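> this is a predicted model, with the sequence first.
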Amino acid sequence: MHVWILVIYIRRSGLAAAATILAMSSMQALAQMPAEHTQSAQAADDAAIDFAANGIEYDNDADVVTAKGDVEMTREGNRLRADQVSWDRKSGRVTATGNVSVTNPGGDIAYGDSIELTDTLKDGAVENLLIVLTDGGRLAAAHGTRINGTSALERAVYSPCAVEDAEGCPKNPSWKITASRVVHDPVKNRIRYKNARLEIFGLPIAVLPGFSHPADNRGGSGLLVPDIQYSRNNGFEISAPVFFKIAANRDLTLTPHIYTDVLPALQANYRVLTTKGAYQIGGYATYGSRIPTSSSALPQSREFRGYLDANGRFQLNRRWSISGSLRLATDRTFLRRYDISRDDRLRSTIDLQRLTRTSFFSLSGWGLQTLRPGDSQGQIPIAVPLVDYRKRLDDPVMGGKIELQLNSLALGRTSGQDTQRSFASARWDLRRFTNLGQEIQLTGFARGDVYHTDEAGRTLTAIYRGNNGWHSRFIGAVAAEIRWPFFGPAFGGTQRLTPRLQIVASPSTPNLSLPNEDARSVDLEDSNLFALNRFPGHDRWEDGARATYGVDWALDLAGFSLQANIGQSYRLSSQPAIFPNGTGLTSRTSDIVGRTTLKFKRFVSITHRYRLDKDSLAIRRNEIDATIGSEKTYAVIGYLRLNRDVDPLIEDLRDREEIRLGGRVQFARYWSVFGSAIVDLTAKNEDPQSLSDGYEPIRHRLGLAYEDDCIKLGVTWRRDYDRTGDARRGNTYQLTLSLRNLGR
């Protein structure tokens, strides 16, 4: 005996009696069942069918339930909606007509003019079928059937594109796949096609035999969208990535790169997500010719060439984490030759950290591989280990903050200077406000250093070497800073004027007898004007007494803001400075530095940084970063000129001038042109070792793009002007295509 439990919700109160009688008869039938049918009755209860409608008719003789008016029928997560539904309880057939939709437990919705289903709501046949998938994709067919949740569509079309424009008028989709038969399997999460063809803008582009793709955004194994480009280095190139979904948390992508002028290359990328973190391992491999970077006249050599790139991070518990990266290349031109990266140094790291609310601990190490022509790899340091510990405490006496730090670093070189350094420091800060609104900050600092270095003579720049052997030093400093902000109305908004004055005193400290590994790129700018130590690292310390003064000004209006600061420092002590000439800090009176930032809504953002010579007011540093426009049409401008007259033998402080331009212009609803350029403007009188003659383009790019709701199509022309070994200057042309829901 097979019993269905029918739960009926009637929206019209006049039919309440019929609902009650039907529910009671169902319960009586269940109560009269023999004991041996108890389990089947319980299963029937689990498979209850719910009805909701404006009206219900029940034919006792034919055992047919007919629901009319906004009908909803639900069973085991499957939901049927229609204007009218008839349920033949004897045959188990459900017939729905008028605005029919069927939703499966996964959220996919099938629409049709009429549909016949079994009472499981899983199997049936539909005329003029439309299936809307959870990721926005649509399947349309003249006829379709569904068995055990798998839909088979005849003469079908798939597209995720909109079929109506902004005014609600019908339009053709940007792209679609037509097929004689399409099978949608939600269990395997695949859509399979027979005799498929890809059409873009109504034009047949490609035949897709045996094609299939994932049914939603969870992805799945298969081919990804290929890339096509031409470059002078490698000729025509086509790359066809293949994606393998190994598990829900693990995948592999293999990408063969086929070239017309060189041997093929293989790219691989393996990704894993675990409960503790994630990591990925990628790389390239090929066998080809290589020209040495030292001289293009040397003969080519054929050898294995490749690149390895791996990184990951794991949160071991609430406080401990570990992260690392590995980047290695077989030679200095591989990344540029195969258009992988423009980096001139590859950094590999490992870092174990412990973080709490008041403390930080790090045990790390790093190494660099130089890709710069002329650099000696033996002069590039390896840091193992680097230990850093910091602890913050509340001052129980005066109410300030105390920070303790322990640091140790070992740098080794295969053909250069080796350095080991350890220090312990303590810093105290106290911040208070007076009754007049003045902000006062007091600082005390103490540090003890121990150094050891050997083979100092191998460092080319004399001021970085230090002396061989063991050395120690003590550093102490006190500082006081006062800020006095004034507020008031201006131009219909609010302005803020804040004068600043800082006094710093530090006893004479040994510097040049110690090696300088991390404090080389020193330059006065607005960001370090009020710093306790204007050197960027730990190996050099600015001693003596000085006064630093400046002013901050800000104006805030509706949709507009302007911020500016300017300042200078004066050395109170007469002892000679250890700053190199041209850094703006050599004389007792420093150069003048400042920054101005202007913003207008989200349309304009301009930042200008500058340094003026203290005597002639000549511009020693001029830096502009500007973004103007909207998200669709904009321009990005970057300009930098360093005119410091630094000794050209100090490579970290060489003068240079360059401009960076970029932008995009949308000239139609979906069409835009874009471009970018980098130009070296450094002249020989600015840097005698520069190869530029005052106008030397480095790289430019120009492209045309189309982008709508479901397709991205672009053509790009790029020209490189630099040549290094077998990475020659020349043009590169690239065609890019991205289809929504495909090739993910």
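Perfect, thanks for sending it. On a predicted model such as this, the values are computed, not experimentally measured, just so you know.

> residue boundaries of the helices in the stretch 201-350 of the chain?
334-337 (DSSP state H, counting those that start in this stretch).

> show me where pLDDT drops low in it?
Confidence mapping of the stretch 201-350 of the chain against pLDDT under 70 gives the ranges 292-299.

> all strands of it, in order?
203-208, 212-214, 222-223, 227-231, 235-239, 242-247, 250-259, 265-273, 277-290, 301-315, 320-329, 345-355 (DSSP state E, counting those that start in this stretch).

> and those: which comes nearest residue 180?
Taking CB to CB as the criterion, strand 203-208 is the member of the strands of the stretch 201-350 of the chain that comes nearest to residue 180, at 12.1 Å. From N, CA and C alone the C-beta is placed, and that goes for glycine too.

> buried ones in that closest one?
residue 208 (16 or more other CB atoms under 10 Å).

> with adjacent residues omitted, what lies nearest to residue 381?
Leaving aside its chain neighbours, residue 381 sits nearest to residue 411 (4.4 Å; criterion: CB to CB, 6 or more residues apart in numbering).

> isn't the one you found right up against residue 452?
No. Using CB atoms under 8 Å, residue 411 is not in contact with residue 452; the gap is 10.8 Å.

> and the residue lying farthest from the centre of the chain, helix, strand or coil?
Residue farthest from the centre of the chain, counting by CA atoms, centre = their mean, is residue 61 at 66.7 Å. When classified by DSSP: H, G, I helix; E, B strand; the rest coil, residue 61 comes out as coil.

> sorry, back to before: closest to residue 183 out of the strands of the stretch 201-350 of the chain?
Closest among these, using CB to CB: strand 212-214, at 8.8 Å.

> save the strands of the stretch 201-350 of the chain as a markdown table, and put in distance to residue 66 too.
Below are the strands of the stretch 201-350 of the chain laid out as a markdown table (distance: least, CB to CB, whole Å):
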| stretch | distance to residue 66 |
| --- | --- |
| strand 203-208 | 45 |
| strand 212-214 | 40 |
| strand 222-223 | 45 |
| strand 227-231 | 57 |
| strand 235-239 | 59 |
| strand 242-247 | 46 |
| strand 250-259 | 50 |
| strand 265-273 | 51 |
| strand 277-290 | 55 |
| strand 301-315 | 59 |
| strand 320-329 | 63 |
| strand 345-355 | 66 |
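
> looking at these, spot the one closest to residue 89.
Of all the strands of the stretch 201-350 of the chain, strand 212-214 comes closest under CB to CB, at 38.4 Å.

> just checking, residue 206 touches residue 198?
Yes. The criterion here is CB under 8 Å, and residue 206 meets it with residue 198 at 4.7 Å.

> now list whatever residues contact both of residue 411 and residue 452.
419, 420 (CB atoms under 8 Å, 6 or more residues apart in numbering).

> who has more neighbours out of the two?
Higher neighbour count among residue 411 and residue 452: residue 411, with 19 against 16, using other CB atoms under 10 Å.

> check contacts around the more buried one.
Residues in contact with residue 411 (CB under 8 Å, 6+ apart) are 381, 382, 383, 418, 419, 420, 517.

> same question, residue 291
Counting by CB under 8 Å, 6+ apart, residue 291 touches 298, 300, 333, 725, 726.

> number of residues surrounding the second one?
Residue 300 is surrounded by 13 other residues when neighbours are defined as other CB under 10 Å.

> that one touches residue 289, doesn't it?
Yes. If you go by CB under 8 Å, residue 300 and residue 289 touch, sitting 4.4 Å apart.

> tell me, what's touching these two both at once?
With CB under 8 Å, 6+ apart as the test, residue 300 and residue 289 both reach residue 726.

> ok, residue 612 to residue 587 distance?
Residue 612 sits 14 Å away from residue 587, going by CB to CB, to the nearest Å.

> could you do residue 638 as well?
Noted for residue 638: a distance of 30 Å to residue 587, by CB to CB.

> check residue 494 too.
38 Å.

> check residue 500 too.
To residue 587, residue 500 is 21 Å away according to CB to CB.

> more neighbours, those two?
Neighbours were counted for residue 500 and for residue 587 using other CB under 10 Å; residue 500 has more, 19 against 14.

> for the closest residue to residue 464 other than its chain neighbours, which three-state class applies?
Here the nearest residue to residue 464 in space, its sequence neighbours aside, is residue 516; by CB to CB, 6+ apart that works out to 4.5 Å. Following three-state DSSP, we place residue 516 in the coil state.

> what about residue 516, how many neighbours?
Residues lying near residue 516 (other CB under 10 Å) number 23.

> wait, it touches residue 462, no?
No. Residue 516 sits out of contact with residue 462 when judged by CB under 8 Å, with a separation of 10.6 Å.

> tell me who's in contact with residue 681.
Residues counted as contacts of residue 681 (CB under 8 Å, 6+ apart) are 641, 657, 658, 659, 692, 694, 695, 696.

> if you could redo that for residue 322, that was the one I meant.
Per CB under 8 Å, 6+ apart, neighbours of residue 322: 313, 314, 316, 350, 351, 352, 353.

> okay, and the beta partners of the second one?
Each beta-bridge partner of residue 314 is listed here: residue 277, residue 322, as defined by DSSP bridges.

> equivalent analysis for the fifth one, please.
Residue 351 forms beta bridges with residue 323, residue 364, as assigned by DSSP bridges.

> and for it, the neighbour number?
That count, for residue 351 with other CB under 10 Å as the rule, works out to 17.

> hmm, it is touching residue 323, no?
Yes. Here residue 351 reaches residue 323: they are 5.2 Å apart, a contact under CB under 8 Å.

> any idea how far residue 695 is from residue 371?
26 Å.

> quick one: which of the two has more around it?
Set side by side, residue 371 and residue 695 show more neighbours around residue 371, with 22 against 11, by other CB under 10 Å.

> could I get the phi/psi values of that one?
Main-chain torsions, residue 371, degrees, to the nearest 10: phi -110, psi 10.

> please name the nearest non-neighbouring residue to it.
Of all residues not flanking residue 371 in the chain, residue 332 sits nearest, at 4.4 Å (CB to CB, 6+ apart).

> and residue 652, that's in a helix?
Yes. Counting by three-state DSSP, residue 652 falls inside a helix.

> which pLDDT value goes with it?
pLDDT for residue 652: 71.

> and for residue 733, nearest residue in space, chain neighbours not counted?
residue 230 (4.6 Å).

> how about the strands in the stretch 351-500 of the chain?
With DSSP E, counting those that start in this stretch, the ranges of strands along the stretch 351-500 of the chain come out as 359-370, 382-394, 401-412, 418-433, 439-454, 469-483, 486-490, 493-506.

> which residues touch stretch 490-502?
With CB under 8 Å, 6+ apart as the test, stretch 490-502 has contacts from 479-489, 530, 547-558, 560, 567.
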